[in-house]
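J.: sequence and predicted structure are below.
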Amino acid sequence: MDGTVIGIVAFACVIGLLAVRVPIAFALAGVATVGTFVIFAFRTGTFAPERALKPTTSLVFSNSFDLIHSYDLSMIPLFIALGHIAYRAEITTKIYQAARVWLASVPGGVAMASVVGCGGFSAITGSSIACASTMGRICSPEMLRMGYDKRLATASVAAGGTLGSLIPPSVLFIIYGIFTETSISALFLAGILPGLISLLGFVLVIFVWVRRTPEAAPRFEGQITMRDRGRAALDSWPAIGLFVIIVGGIYGGIFTATEAAAVCVSAAVAIGFAQGKLDLRGVIESLRETCIQTASIFLIAAAAKIFVAFIALTGVAPSIVSAVTDAQLSPVMLLAAIAVIYLVLGMFLDPIGIMVLTLPLMIPLVENYGFDLIWFGVVIIKLLEIGLITPPVGLNVFVIANVVGKDVAIDRIFSGILRFLTVDVIVLILIMAFPVISLLIPNSM
Amino acid sequence: MLRRVEKLLLDLAVVAVVGLGVLITGSVFLRAAFNSGIPDTIVIVRELMVAAIVLPLAVATLDRAHIVVEFLSKMMPLRVQDWLLVGGSAFGLFALSPLIYAGWREVAHTVESGAFFFGQLNLPKWPGRVVFLVGISFCWLRLLLMVIGDIRTIRAGGSVVSPDHEHEESV
Amino acid sequence: DTTLILGEAGPNRGARAAALQSFADDVTARTNGEVNIDIQWGGALFKANAAAQAIADGVADLGTVIAVYFPQEMLSYSFADLPMRNEDAWVGMRATDELMRTSDAITKSLADQNLVYIGTFTTSAVNIACKDVAIRRVEDIAGLKVRGVGAYGDTFRDFGANMVAMPIYDAYQGLDTGLLNCSQGYSYAVAALKQQEVMTSYTLLNWGQVGALGIFMNKDVYDSLDAETQSAMADAGIAMADKLGELITAANDAALETMKDAGVEVVDLPAGERDKLVQQGKQYVDEWVERANAAGLDGTSLLEQYRTLLEKYAEERDGQGYPWARG
Ligand code: NA
Ligand code: NA
């Protein structure tokens, strides 16, 4: 049986299962398991199910277990815990009060501040998922509490989280650099301007959104004196202190980006206890919530990893790339085709999975066209970032849905995402059309 | 009884997260202050990650915390939504079964071969595998009980998608 | 026609990837196109720490196994990781390859796990890159924050280094911020990761290499092949060592040039200092022998054979030059 056909049928099955309300993790894992079984059973041409059992279960186990059994990903539960503990210790509330007071005259100012906060957090973490899960836990509940439109309060942070891989450091750029033998530091520099432009675009979306529907972002009522502003700024010292600890620690050579999460949680707990806002029971409750949320996020991520391994077996990716190669497209058409391919794959697969499946074949192709690999890397990462917020499988959206709980349905977040996606596509076209946006900083170093 | 076990598993996961925080912060502190460290930090963190993530799965399932896409099903009658929810859980039973089977094989293999991680302490590989198997198994068991319970509720005329639906309408 | 799936955790770039691709092409050529090898790069099918089990279970028909992830299962292979003055990439690979093929004890130990040895790689000689310090004598090691590799790292710890655990890809940032003073590595990898941008010295240790990584095959699949195909795979496996030897030697030379051009001081560790490392590292060699004995492998005899083979191929190199440099 043709692997490509099996792959396409599998994509359709996932959509079908999601439509009938099967949890995302189960849909991905279940379809991948059946598909893998079918491929192994037909390996020798005849149907031999007894030979498929061992390799299928081995593939399913190793891919899910190894994803969880990870040192680097330990930052995710720890950053989620940071969000919970900072919320309970009122560290986040204080910084939001400050933002609200200082940005009272800016419509949607708090949402804009949240997106800018995502940009700042991106400079600390290399992972979009970590960025979304931390900022989602910190920003969305505060915005919801202020009466922000649910879609705005969640979608802005889901979109802002995608800055995590564009603004250095970035795990995706590191993997791209390894697959292309390009300078990782040059890639990091190349991501800065496109990241900032994306950030600006997101702020613009919020501006237009609130301009059109002012009730989406309630204004601060009443008079604000300079005294209020000073007080609010002073009260927000723990949040600023945490930020200084992280940035100073990473760039001062005291700890790695992965270790930063743990140090920060410890510091937040210490601040909470010192201020009398936190007790042991509060910490335990926060960590229980952390564990439940982390579990369901990782269940999806593990299922997505199984799905990637299954897609690798189907050979779908090589057939797509060789179809594009054979078509002998013009450079512009090739770029358009690549965009479409990555956007479609991004609907279903996670960024690392897509890179691993496609880059070995895609890079020689674009090298033949004489594309600059640093610039192409930025294009690819931007495409993959967009995939994190597109339905049906949009990991960043799931993360936000997960941390805000049942208050906001996932469809509402996706519908809010649409406006941010529009800007993302415009930014993408800018990055593709003007390589100088990406290459300006690395070339001037 | 099962709820108690699940609560215990959740609290063990909490202990694992505390362990992650203390272990990593501790090794940063020892390095910065005394130019020393904790042996095999990376291996221990990895093993703790399994506990932190897999052990709470049963409680997450009980909380119905697994993320679903609802916009299509929401347009359907409540009765259909109820059955779709049950169907989703039942599909989960199917999707998790291979993990339990493979988990058994993996536990047996690592125990039998005496496999361990390279490092100063040569820590054995089996504990993480056992924790994984335990977490997934209890998640599966919880799903099974929920499928049975949900079917009973629906048969009895109740709703599982919005349990207080009838109540709302009568207000 | 047979298509075999090969799982590889690394990317399709660099010397090792080129050698692996040449192995795949070589197998096809030697079987007159009968056998094709479909390589799944980047750990798409399984990560490096699941490779041995995944291949044994048939997730892939064959694949790259890195012994350090399987200290128990790959005990019979990990002699190639030991620090015992085996720093020449080609000599190390050919000696390892011959021992892996000819030792019945090793073959049986692998067969018990449903695996067959096909061919070996190496990461080449372990050296050390530092920022703002330079290792000229073993006394310089004390107090440094070092990212280390296997028994080489353990030996550095014995000399007073504070070992910092992090992936090699983070070493760039670690050196840059001062989190690390030094990072152990292999010349071509150091250059590929652009560490010359942040380091100031590079000490050639002339000590040993990490050589226990290679291709293994699912035994059931291997047994189902006819004898001709089996021997074609063996020949391609040996040829792969020559190919990687050629590529990695050139890549390492070029990397050293790149470092020198970037203003990095390249230090050759004096023989007397190197001997102190070898002496201190001996306990890890002895540890391996003990564990091998406990597993019924006769570690002493295996290491003896390995030393003899290292000498044999060193002589061949000295007498005839490397195979790729011969007329
Ligand atoms: Na980042
Ligand atoms: Na998507």
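T.: It's in. Ligands and ions are numbered 1, 2, ... in the order given.
J.: going forward, measure contacts between C-alpha atoms and count neighbours the same way
T.: Fine.
J.: what is the burial count for residue A:128?
T.: Residues lying near residue A:128 (other Cα atoms under 10 Å in any protein chain shown) number 30.
J.: who touches the closest residue to it other than its chain neighbours in this structure?
T.: Leaving out its chain neighbours, the residue that sits closest to residue A:128 by Cα to Cα, 6 or more residues apart in numbering or on different chains is residue A:164, at 4.2 Å. Counting by Cα atoms under 8 Å, 6 or more residues apart in numbering or on different chains, residue A:164 touches A:118-119, A:121-123, A:125-131, A:170.
J.: secondary structure class for residue A:164?
T.: Under DSSP: H, G, I helix; E, B strand; the rest coil, the three-state class of residue A:164 is helix.
J.: what about it, distance to ligand 2?
T.: From residue A:164 across to ligand 2, the span is 16 Å (Cα to the ion, to the nearest Å).
J.: what ranges does the stretch 1-150 of chain C have for its helices?
T.: C:14-30, C:51-57, C:89-102, C:104-111, C:150-158 (DSSP state H, counting those that start in this stretch).
J.: so which of those is nearest residue A:422?
T.: Residue A:422 lies closest, by Cα to Cα, to one member of these: helix C:14-30, at 38.8 Å.
J.: list the buried residues in the closest one.
T.: C:14-28, C:30 (16 or more other Cα atoms under 10 Å in any protein chain shown).
J.: the closest residue to residue C:92 other than its chain neighbours: how many residues sit nearby?
T.: Once flanking residues are discounted, residue C:92 sits nearest to residue C:86: 5.9 Å by Cα to Cα, 6+ apart. Neighbour count for residue C:86, taken as other Cα under 10 Å: 27.
J.: OK, contacts around residue C:86?
T.: C:92, C:207-209, C:310.
J.: in chain C, where's the longest helix?
T.: helix C:227-261 (DSSP state H).
J.: which elements pack onto that one?
T.: Applying 3 or more Cα pairs under 8 Å, 6 or more residues apart in numbering or on different chains; DSSP states H and E, we find helix C:227-261 packed against helix C:14-30, helix C:89-102, strand C:115-121, helix C:187-192, strand C:265-268.
J.: confidence score at residue B:170?
T.: pLDDT for residue B:170: 36.
J.: try residue A:217
T.: 86.
J.: contact partners for it?
T.: By Cα under 8 Å, 6+ apart, the contact set of residue A:217 is A:107-108, A:147-149, A:210.
J.: buried ones among those residues?
T.: A:107-108, A:148-149, A:210.
J.: and the two most separated of those residues?
T.: A:107 and A:149 (12.9 Å).
J.: which residues in chain B form helices?
T.: Under DSSP H, chain B gives helices at B:2-34, B:41-54, B:57-62, B:78-113, B:126-155, B:165-170.
J.: correct me if wrong: residue C:99 contacts residue C:305.
T.: Yes: between residue C:99 and residue C:305 there is a contact under Cα atoms under 8 Å: 7.3 Å.
J.: intersect the contacts of residue A:217 with the contacts of ligand 1.
T.: Restricting those to those touching ligand 1 (Cα under 5 Å from the ion) yields no residues.
J.: just the residues you listed now: which is nearest ligand 2?
T.: Proximity of the contacts of residue A:217 to ligand 2 was ranked by Cα to the ion; the top entry is residue A:149 with 23.2 Å.
J.: which residues does the closest one contact?
T.: A:215-217.
J.: residues in contact with the residue nearest in space to the middle of chain A?
T.: A centroid search over chain A (Cα atoms, centre = their mean) returns residue A:128, at 3.3 Å, as the residue closest to the centre. The contact partners of residue A:128, taken as Cα under 8 Å, 6+ apart, are A:122, A:161-165, A:385, A:396.
J.: quick check, the residue in the stretch 301-445 of chain A closest to chain B?
T.: residue A:411 (6.0 Å; Cα to the nearest Cα).
J.: verify the contact between that residue and residue B:69 for me.
T.: Yes: judged on Cα under 8 Å, residue A:411 makes contact with residue B:69 at a distance of 6.7 Å.
J.: isn't residue A:121 right next to residue A:131, touching?
T.: Yes: using Cα under 8 Å, residue A:121 is in contact with residue A:131, at 6.6 Å.
J.: the two - which one has more neighbours?
T.: Counted by other Cα under 10 Å, residue A:121 and residue A:131 do not tie: residue A:131 has more neighbours, with 33 against 25.
J.: are we agreed that that one is in a strand?
T.: No: going by three-state DSSP, the assignment for residue A:131 is helix, not a strand.
J.: roughly how far apart are it and ligand 2?
T.: Distance from residue A:131 to ligand 2, by Cα to the ion: 17 Å.
J.: who are the contact partners of that residue?
T.: By Cα under 8 Å, 6+ apart, the neighbours of residue A:131 are A:118, A:121-122, A:125, A:161-162, A:164.
J.: helices of the stretch 251-400 of chain A, residue ranges please.
T.: Counting by DSSP H, counting those that start in this stretch, the stretch 251-400 of chain A has helices at residues A:257-274, A:280-314, A:316-327, A:331-348, A:351-368, A:373-387, A:395-404.
J.: so where is chain A shaky, pLDDT-wise?
T.: Applying pLDDT under 70 to chain A flags residues A:1.
J.: can you rerun that using 80?
T.: Scanning chain A for pLDDT under 80 picks out A:1, A:44, A:93, A:96-97, A:99-100, A:104, A:123-126, A:219-224, A:405-407, A:445.
J.: re earlier: could you dump the helices of the stretch 1-150 of chain C to a markdown table with mean pLDDT and distance to residue C:272?
T.: Converted to a markdown table, these look like this (pLDDT from 0 to 100; distance: least, Cα to Cα, whole Å):
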| stretch | mean pLDDT | distance to residue C:272 |
| --- | --- | --- |
| helix C:14-30 | 95 | 32 |
| helix C:51-57 | 96 | 39 |
| helix C:89-102 | 96 | 22 |
| helix C:104-111 | 96 | 35 |
| helix C:150-158 | 92 | 16 |
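J.: closest one to residue C:226 among those?
T.: That would be helix C:14-30 among the helices of the stretch 1-150 of chain C, by Cα to Cα, at 13.3 Å.
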